[in-house]
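[1] Build me a model from this:
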Amino acid sequence: MYKRKRILLLAVLALFFIALGCEVSEAGVVYGGGDGIETAARRSSVQTVFHITVMRISYAKELEEEEGLTRDGVEEMLAEQKAQLEKKVEELIESSQKEMAKDRHVSYLTKLEKWGYKPPAKTLIPLGALIPKGAKLPKNILVTCKIEQDKEEIAAWEKEYERDVLTISETLETSPSKAKTLLDALTSKGYTVSKERIETSDTVELLYFEEWDTSYPKTLDWSVKIEGTDTNIITGYLADLGVLEVRPVPDDKTVHVTAGYHELKSEFKEKDPEVARLEKELEESKKALEEAHEALEEEIERHREKPEKRDISKVTWLDVKYGTVKLEYFRYVTAASGVFLGNMRVREEMDCWGGSRYWGVYTHDLDREEVGVVLTNAHVASLAMDFQVHVSEDKEVMWILMPGSPFIRYTKDSDFLGSPASVLSIDQVPVVGYGVDAAVMVTSVVSDYEQYKARLGNSDNVREGDPIIMVGNPAMMQKYTTRGIISNTDYNLLDGLDSGVWLKYLNKPMYDWIRHSCQWIDAPIGIGGTSGAGITALEGPEAGKIIGLHNMGMRAYDIAIGALEPCEFDLPEGNSLISDTDGLKDLLRRDRGFERNIYNIRYEEFLKDYPDFADALDQHGHWSRVSGMSGGIPINRVKAFLQERGLDPDHFGWRGLDGKHFEK
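    Numbering: from 1, shown residues only. Prediction:
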């Protein structure tokens, strides 16, 4: 009879609160808008606390500094090698200068042919631009043409031939008398050097004198012919400039050039600069390697009789007993957040991992009939299970971090420790899912606390802009409450422009974590200690229910950095980089191609190499220290994990998975 009256009373109360626009939970707690939901969220919020023991193991006696191949010694050795290398370079330069004085070109002429050439000037063909680098054009060349051989002997004073004698004298760099003798010889053989005759002749020939005092020159097959013609249009040769003078070439025509040059001997040909640089570096590296190897051999020999370098990871308890090493103990406390889901009866297949309540004691059993169930993040619960050993790089110090002893605190007035807790295990597997960053911890049942349990809602009904509330414990300050809205219901970090930061660390568990951590809110709760807090809807069909599990917060300087290849930029001599604003603008204009940039260096990593960048960024006006956004996992993904791990949805009052879930 009493039970019927109680049910009837609850029904009347429910109708009353529904009429007022409120909801009544399965446990009878009223969830209304505004303060009612806030009060319920604060009641179901708990603080997860871990007391972690740390051991430091180090040698009792500091390591004496040993003489060896120190940095200063290496630098001194390298400086000596540099001095030797500079001396060798000076010797090579001196030898090169002697080599340069030798005849570097072959004696015979290599043929040059250029088809379809468009000369830069109508009457000049620059042969120097057509021959290979380092080659040389012959100098002792006279441009002539054929004449009738019945001419009289030429007198030096005859004005008609005075210009020809002068041409030969200047070209051959010889006296007028020798020039006249050579002109007589050429005339007798039917040649003339008269410019007027050459410019109209069809029988132009070039005579090459290997030595000027000989009268037996070689006839060269040099020619410049306009396309479609067979006439050699050469009229002169400027040997010092390496230029052929020709009759005017029409603007719309090209020419066929035939000439010759003295090629460099193979031993004098210039190597490709990159090949030469690599060969030089190779020689230097070989030399440095040999010297370093010799120094290493000496060092090994000198230390051959000495004991092996000590390694803290190899010490034993005997070393502790005899005082070779010393132990130091520390303990630190850290805290996060959680959501109370209610009480449940312990089943046969359930046990738990209790951490180290005292150093060296690890409990893994569950002997209570009922437990209180707390939902938190996997990375929070792992503090009760992780055992870490860190050895310093010089192997002088070892840190051991024990599994933490977990507790649950319900209010700020709870005692310092709170209620002892453990990580729930079903079938000897902890209920910890790193992919959805969710875990279940269990603690002692508190009388009458069941009525304050949180309800898990349906995150599929949540939309961007919906108002929410979150209760967490930032910086170990309890039940810090903030309001905000849903910024995004499904946006993971791989959709961001800095996804390269994550991709280089990505594995399957990390991929799942990023994929599921996709619900974003703007509630400005502090960072640190809020992991595992529930995100509660304030309005809509899920009002008063947990629609997400908070697991991360954005940092104030959440930026990604990429290393770039510097572009080529020649700063005018005498200008400072800061004062040359035009030069800086030009540099920025050259630095394009943002789509090719790879932003894969974290801000913290960058500061290790460039610590002064932090000050520069603080002074830059585009950054401010704000708490930023927070992220979490949609509660439906957490509920799926909990149900698949063996928790009964009906018992905790949230809707279980439908058939479609198991069809995926």
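
[2] can you list the weak-confidence ranges in the stretch 451-600 of the chain?
    By pLDDT under 70, the low-scoring segments of the stretch 451-600 of the chain are 526-527, 554-560, 562-599.

[3] what are the ranges of the helices in the stretch 151-300 of the chain?
    With DSSP state H, counting those that start in this stretch as the criterion, the stretch 151-300 of the chain has helices at 159-172, 176-188, 195-198, 273-302.

[4] for the record, mean pLDDT for the shortest one?
    When you say that, I think you mean helix 195-198. Taken as a whole, helix 195-198 has a mean pLDDT of 86.

[5] for it, which positions count as buried?
    Using 16 or more other CB atoms under 10 Å as the test for burial, helix 195-198 gives 197, 198. Using the backbone N, CA and C atoms, a C-beta is placed for each residue, glycine as well.

[6] Report all helices and strands that that helix contacts.
    With contacts taken as 3 or more CB pairs under 8 Å, 6 or more residues apart in numbering; DSSP states H and E, helix 195-198 sits against strand 141-146, strand 234-238.

[7] Show me what the shortest one is packed against.
    Meaning strand 234-238. Applying 3+ CB pairs under 8 Å, 6+ apart, we find strand 234-238 packed against strand 141-146, helix 195-198, strand 204-208, strand 243-246.

[8] still on that earlier bit, for the helices and strands packed on helix 195-198, which one sits closest to residue 541?
    strand 234-238 (96.4 Å; CB to CB).

[9] Pull the distance from the closest one to the chain's centre.
    61 Å (CA atoms, centre = their mean, to the nearest Å).

[10] for residue 221, phi and psi?
    With angles defined as degrees, to the nearest 10, residue 221 sits at phi -90, psi 30.

[11] what's the next secondary structure element after the lowest-mean-pLDDT helix or strand in the chain?
    Ranked by mean pLDDT, DSSP states H and E, the helix or strand of the chain with the weakest confidence is strand 30-31, at a mean of 43. Using DSSP states H and E, the helix or strand that directly follows strand 30-31 along the chain is helix 35-44.

[12] That following helix - what's its average pLDDT?
    Mean predicted lDDT for helix 35-44 stands at 91.

[13] Which neighbouring elements make contact with the next helix-or-strand element following it?
    Next along the chain after helix 35-44, taking DSSP H and E as the criterion, comes strand 45-59. Applying 3+ CB pairs under 8 Å, 6+ apart, we find strand 45-59 packed against strand 325-345, strand 370-376, strand 397-401, strand 405-409.

[14] 6 Å - rerun?
    Packing partners of strand 45-59 (3 or more CB pairs under 6 Å, 6 or more residues apart in numbering; DSSP states H and E): strand 325-345, strand 397-401, strand 405-409.

[15] Confidence-wise, which of these is weakest overall?
    Minimum mean pLDDT among these: strand 397-401, a mean of 80.

[16] now it against strand 45-59, angle please.
    Strand 397-401 and strand 45-59 are oriented at 150 degrees to each other (axes from the mean of the first three to the mean of the last three CA atoms, to 10 degrees).

[17] Now do strand 397-401: everything it contacts.
    Residues outside strand 397-401 that contact it (CB atoms under 6 Å, 6 or more residues apart in numbering): 54, 55, 56, 57, 58, 312, 388, 389, 390, 391.

[18] and these, which are buried?
    Buried by 16+ other CB under 10 Å: 57, 58, 312, out of these.

[19] from these, which single one is nearest residue 660?
    Distances from residue 660 to these, taken by CB to CB, are shortest for residue 57, at 54.7 Å.

[20] Now render the contacts of strand 397-401 as TSV, adding pLDDT and distance to residue 660.
    Formatted as TSV, those follow (pLDDT from 0 to 100; distance: CB to CB, whole Å):
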residue	pLDDT	distance to residue 660
54	78	48
55	76	51
56	81	54
57	82	55
58	84	58
312	82	56
388	77	41
389	79	46
390	78	46
391	80	50
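
[21] which ones are touching the nearest residue to residue 168 once chain neighbours are set aside?
    In space, and not counting its chain neighbours, residue 168 is closest to residue 179: 3.9 Å by CB to CB, 6 or more residues apart in numbering. When contacts are counted by CB under 6 Å, 6+ apart, residue 179 touches 165, 168, 169.

[22] returning to what we had before: which stretch in the helices of the stretch 151-300 of the chain is the model least sure about?
    Mean pLDDT, when computed for each of the helices of the stretch 151-300 of the chain, is lowest for helix 273-302, at a mean of 69.

[23] Just the C-alphas of the following helix or strand past that helix, formatted as CSV.
    The first helix or strand that comes after helix 273-302 along the chain, using DSSP H and E, is helix 317-321. What follows is helix 317-321, C-alpha atoms only, in CSV (Å, rounded to 0.1, in the frame of the first residue of the first chain):
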residue,chain,number,x,y,z
TRP,A,317,70.3,-3.6,-4.4
LEU,A,318,73.8,-4.5,-3.4
ASP,A,319,74.9,-1.1,-4.7
VAL,A,320,72.3,0.5,-2.4
LYS,A,321,73.4,-1.7,0.5
